[in-house]
Every structure is written in C-alpha cells, then in structure tokens.
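S.K.: Predicted model and sequence follow; I will ask about them next.
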Amino acid sequence: MSREEEITRGIRKSDIKAFESLFRSSYPPLVRYAKTILKDNDTAEEIVQDLFYRLWKDREKLKIESTLNGYLFRSVHNRALHYLKHKGVMQKFEADMAAAGGDTPATPLETIQYSELNELVVKTIEKLPERCGEIFYLNRFEGLKYREIAEKLSVSVKTVEANMGRALKEFRRAISGL
C-alpha cells in the first residue's frame, strides 16, 4: 500500500494525524497553484482551506480515482475556475446595474432604496448555485428565452425552468425579509 493510500484510508477512518499530515504537506503547493490561476493570495488560500474543510467533512464518502495529489490539484483547479466564472457573472451584473444608473431615482430616499435593492439582488444571486444564478442572469439581464438559454448551456428547457423557479423562490424569500 502506497503512502497516499494510507493517508486516504486514514482520513476515511477519521485519523486526524493523517489529515494534518496531508494538510501540512499539501497546503503550500496547493495555495501557490491556486494563486497562479486566481492572481489573488487571499482567495487562493480561501479555496484551498475550503477544499480541506470539505475533504474532512465528507471524509467517509471520499472516493479518489487517481492519485491523492492529482485529486487535490484537480479540485483546486476546478474550484478556482468556478470562482472566476462566478466572479465574472457578478461583475457583469454589477456593470449592467451601473449602466442602468441613468434611471437612478432623484431623491436621497429613493437613491438609498435603489442601492439597498441592488445590494439585495446581488446578494441573492451570490447565494444561488452557479448554474441557477447563470440561468437567472441570462433570462432577466440578457433577455434570453428559456429555449435560448437551454441551447446556450446545453441543458434541457425543463432544467432552465426548474432553475428559474428556484431562483425566483429565493428572490421572493429575500424580498419577504425586507
């Protein structure tokens, strides 16, 4: 049995020493790798820390098809790309909201209300799963029809409908809390 298999088996059996050993040896190179993708040390550390948190949290279900090292680097890679994609969607949304600034209310109270509503929309979209937020954004801010979104994302129209339903439910919940 290889060292990686011993560590994996130990983690599955809640061996904190095996987990700590993996964390100590893998954390610095994983953060360096994430930083090459993200160009931001804090976010790179956050992504790697979250990976280790989830690794420990879901340790009993841990299934590694390749090497442990390969699994960790692939996970960091995927998480970093997911973060960048989500960040891009949010930046585009914020830019679109700023571009709509010509419609900004005139009174100070209306300006504050507009700002609070804008913040609520951004926070609600951030809470949505990535695909759900992307579908909502494409429909509500880019004006795409469900069929067009389904074609663009290579999913079924039913998937688009279900995600829009979920997004709208979250918005109703957020607005009811005002």
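M.R.: That came in fine, so what should we check first?

S.K.: Can you verify my assumption that Y71 contacts L51?
M.R.: No. Using CB atoms under 8 Å, Y71 makes no contact with L51, being 9.9 Å away. For every residue, glycine as well, the C-beta is placed using N, CA and C.

S.K.: first vs last residue of stretch 92-112, how far apart are they?
M.R.: Counting by CA to CA, to the nearest Å, you get 22 Å between the two ends of stretch 92-112.

S.K.: Output the longest helix belonging to this structure.
M.R.: If you go by DSSP state H, the chain has its longest helix at helix 68-99.

S.K.: I'd like to know the average pLDDT value across that one.
M.R.: Helix 68-99 shows an average pLDDT of 80 in the prediction.

S.K.: The following helix or strand past that helix versus helix 68-99: what angle between them?
M.R.: Downstream of helix 68-99, the first helix or strand assigned by DSSP states H and E is helix 108-127. Put simply, helix 108-127 runs at 160 degrees to helix 68-99, going by axes from the mean of the first three to the mean of the last three CA atoms, to 10 degrees.

S.K.: In terms of secondary structure, what does helix 108-127 contact?
M.R.: For helix 108-127, the packing partners by 3 or more CB pairs under 8 Å, 6 or more residues apart in numbering; DSSP states H and E come out as helix 68-99, helix 130-140, helix 157-176.

S.K.: Tell me which other helices or strands the longest one touches.
M.R.: Secondary-structure packing of helix 68-99 (3+ CB pairs under 8 Å, 6+ apart): helix 3-12, helix 16-38, helix 41-57, helix 108-127, helix 130-140.

S.K.: Same question for the shortest one.
M.R.: Under the contact definition 3+ CB pairs under 8 Å, 6+ apart, helix 130-140 sits against helix 68-99, helix 108-127, helix 146-153, helix 157-176.

S.K.: now those in TSV, with distance to G10?
M.R.: Rendered in TSV, the data for the helices and strands packed on helix 130-140 read as follows (distance: least, CB to CB, whole Å):
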stretch	distance to G10
helix 68-99	11
helix 108-127	35
helix 146-153	40
helix 157-176	38
